[in-house]
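Trainee: Got a predicted structure here, sequence first:
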Amino acid sequence: MRTSRLAILLALVVPVGLLPAQGRTGRIRGVVIDSLLGATLPGAEVSVARLNRSAITDSAGRFVLDSVPPGEWTVAFRHPSLDSLKIIDPGTPVRVFAGASAPVTLATPAFEAIRDRFCAGTPDSLSPTVAFGSVHATDGPRVRINVAVSWMLGSASGDNARPGSVRTSVEGDSQIWVACGIPRFAWFHATVQDSSRGASAFLKLGPRDIAVGDLVLSTASGPLAGTVRDADGRPIRAARISLVGTDIASESDASGAFALRDVPGSTVTLDVRAAGFHPSVMALQASLGRVDVRLAPLPEPEIRPPGGSDYLRLLERSSREGMLLITGPDLAADSAALTTHLPVGTCRWWLDGRPVEREFFLAQPRWSWRALEVYARGSDAPPEYRSPDCAVALLWTALADW
């Protein structure tokens, strides 16, 4: 992880604290603002450089640092959610006087500042999002390579608009990739390939409109073990664990444990699913050796009157006008069914009755397919899936409510 090269720094020089004065101490009190969310930041760790003083912000983002000697000090903060985005606070100078409180407001950089750093000079200089990361190799020579990034653009007609801007640059032993123009909250797929190695990661833009994905190339392979548990730590049995784009898969046992063999050492995407839970999709490296996954439960299903469009009533509407239905052996025999049978302009994607992004729909492992339901005219689809503007595709998998 080359955090030092990717960290978003707003200041180049951190002030050096003056020597503390003798006598009474003072206090630093303030608030931490997450400028990316436009809200205060609870749970941030605030510390004073060169002093053994730290505090955690409360639910309103406030903090107090007591017993600070008089003088000029540098106050900085960190938070796990910001660490994952490689946003590092360089610190803010604060002057403390004996017997007094020194107020200070700490804040993350604004999104506009981050966007200007990465997207300025591209056709997407006003991009609503920023995605970036590094590319480096753990073995073999470093080569000049390009990163490909794809995503669902979501126009009303389903047609592909102009793709966003993707560029790479070299920094030391790594290459840096940057993608601008990805729609907000979208899933996207970042891939890189050279003559003998490849890496791939499905990533999602979060509420801060920033995503970070480091891609590692390696010719090695190894085992990957772990557990699947629910939000309360209870093991989940019979969860399906697979690597997207490969045939490598396993199932968790009664203790929630699983093991995968011959997992590529490059960055891969792990897909974990279990009946009654939201799926988990994450990018990782097999070199970690172990990963523990927590799945969040699905909400209680809404009780609907007969005549709906869930999988239980799929066959009852198999003769519906304008419907293409592929099931059983016909679907199992066609490995490209998710692309060859979808009309140009499809813009509504449903997985087991829930709306998803196109890339996530197409990434579903073949073993899970049970039925593919396609409406070239979205107005022919059942009411809850209907779209008057474009074609509609529904995929029902092994995890659907039969």
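Mentor: Yes, it's here.

Trainee: I'd assumed V75 was in a helix, is it?
Mentor: No: the assignment for V75, made by DSSP: H, G, I helix; E, B strand; the rest coil, is strand rather than a helix.

Trainee: Is it bridged to anything, and to what?
Mentor: Beta-bridge pairing of V75, defined through DSSP bridges, involves V48, T92.

Trainee: so it touches L51, yeah?
Mentor: No: applying C-beta atoms under 8 Å as the test, V75 and L51 come out as separate, 9.8 Å apart. The way it works is simple: take the backbone N, C-alpha and C, and place the C-beta from them, glycine included.

Trainee: Which one of those two is surrounded by more residues?
Mentor: Neighbours were counted for V75 and for L51 using other C-beta atoms under 10 Å; V75 has more, 25 against 16.

Trainee: and the gap between that one and R62?
Mentor: Distance of V75 to R62, computed by C-beta to C-beta, to the nearest Å: 14 Å.

Trainee: Now the common contact residues for those two.
Mentor: Residues touching both V75 and R62 (C-beta atoms under 8 Å, 6 or more residues apart in numbering): G30.

Trainee: so P207 makes contact with A39?
Mentor: No: P207 is beyond contact range of A39, at 10.0 Å (criterion: C-beta under 8 Å).

Trainee: Touching, S368 and W396? I think so.
Mentor: No: under the criterion of C-beta under 8 Å, S368 makes no contact with W396, lying 9.3 Å away.

Trainee: Pull the distance from stretch 285-297 to the chain's centre.
Mentor: 14 Å (C-alpha atoms, centre = their mean, to the nearest Å).

Trainee: What residues of that stretch count as buried?
Mentor: Q285, A286, V291, V293, L295 (16 or more other C-beta atoms under 10 Å).

Trainee: what bits of the protein have low per-residue confidence?
Mentor: 1-23, 140-145, 152-165, 170-174, 286, 300-319, 399-402 (pLDDT under 70).

Trainee: Of all residues in it, which one is nearest the centre?
Mentor: K204 (3.4 Å; C-alpha atoms, centre = their mean).

Trainee: what's that one sitting at in phi/psi?
Mentor: phi -130, psi 140 (degrees, to the nearest 10).

Trainee: Leaving out the residues flanking it, which one is nearest to it?
Mentor: W187 (5.0 Å; C-beta to C-beta, 6 or more residues apart in numbering).

Trainee: measure the one you found to V244 for me?
Mentor: Taken as C-beta to C-beta, the span from W187 to V244 is 11 Å.

Trainee: Common neighbours of the two, please.
Mentor: Residues touching both W187 and V244 (C-beta under 8 Å, 6+ apart): F202.

Trainee: need the strands for the stretch 251-400 of the chain, in chain order.
Mentor: 257-264, 267-273, 280-285, 290-295, 323-327, 348-351, 354-355, 369-375, 392-397 (DSSP state E, counting those that start in this stretch).

Trainee: mind giving me a markdown table with those strands and columns for distance to T105?
Mentor: Below are those laid out as a markdown table (distance: least, C-beta to C-beta, whole Å):
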| stretch | distance to T105 |
| --- | --- |
| strand 257-264 | 46 |
| strand 267-273 | 38 |
| strand 280-285 | 35 |
| strand 290-295 | 34 |
| strand 323-327 | 58 |
| strand 348-351 | 43 |
| strand 354-355 | 40 |
| strand 369-375 | 53 |
| strand 392-397 | 49 |
